[in-house]
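need a 3D model of the following:
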Amino acid sequence: MAVSPVTGIFVHTSTDVWKVHFDNGDSLGVTGSHPIYSLDANGWVLASALTTDSQVLTKSGHATVTSVKKQSGSQKVYTRTKSVGEIRL
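Next up, the predicted model:
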């Protein structure tokens with residue numbers, strides 16, 4: 001997978017923020033629509049679709065989800081944009 005530079009960051013709020021904890025001690029705070037690579041599904045799934053014991057791909061290998069919980073209220077989130085050729089994602 002090619003790495004492309006971040007070209008912008010948008011800060012906004014969301015009521016769809018999930019906290020995901022992993023067996024390696026790492027955790028993620030992401031929106032429910034954030035894609036996570038699932039080894040169980042052999043493809044990308046939404047963060048909100050993860051369950052305890054889901055196996056996911058990480059930058060250092062893989063990890064098991066130990067908990068996933070939707071956060072209450074409105075949370076500040078950051079959306080990164082990247083340029084791919086002439087297309088801005």
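
where along the protein do the strands fall?
Taking DSSP state E, the strands of the chain run over residues 6-14, 17-22, 27-31, 35-38, 43-46, 55-58, 61-70, 75-84, 87-88.

deepest of the ones you listed, which one?
By mean neighbour count, with neighbours taken as mean count of other CB atoms under 10 Å, strand 17-22 ranks first of the strands of the chain at a mean of 19. Backbone N, C-alpha and C define where each C-beta goes, glycine included.

quick one, it and strand 61-70 angle?
Orientation check (axes from the mean of the first three to the mean of the last three CA atoms, to 10 degrees): strand 17-22 against strand 61-70 gives 140 degrees.

where are the low-confidence patches of the chain?
1-4, 6, 80-89 (pLDDT under 70).

is it true that D26 touches K59?
No. With contacts counted by CB atoms under 8 Å, D26 stays clear of K59, the gap being 9.7 Å.

so the two - more neighbours on which side?
The neighbour count for D26 versus K59, taken as other CB atoms under 10 Å, is higher for D26 (12 against 5).

look up the closest residue to the more buried one, ignoring the ones flanking it.
Leaving out its chain neighbours, the residue that sits closest to D26 by CB to CB, 6 or more residues apart in numbering is A63, at 6.7 Å.

number of nearby residues for the closest residue to S60 other than its chain neighbours?
Among residues not flanking S60 along the chain, N24 sits closest, at 7.8 Å (CB to CB, 6+ apart). Neighbour count for N24, taken as other CB under 10 Å: 13.

which residues sit in contact with N24?
Going by CB atoms under 8 Å, 6 or more residues apart in numbering, N24 touches 58, 60, 63.
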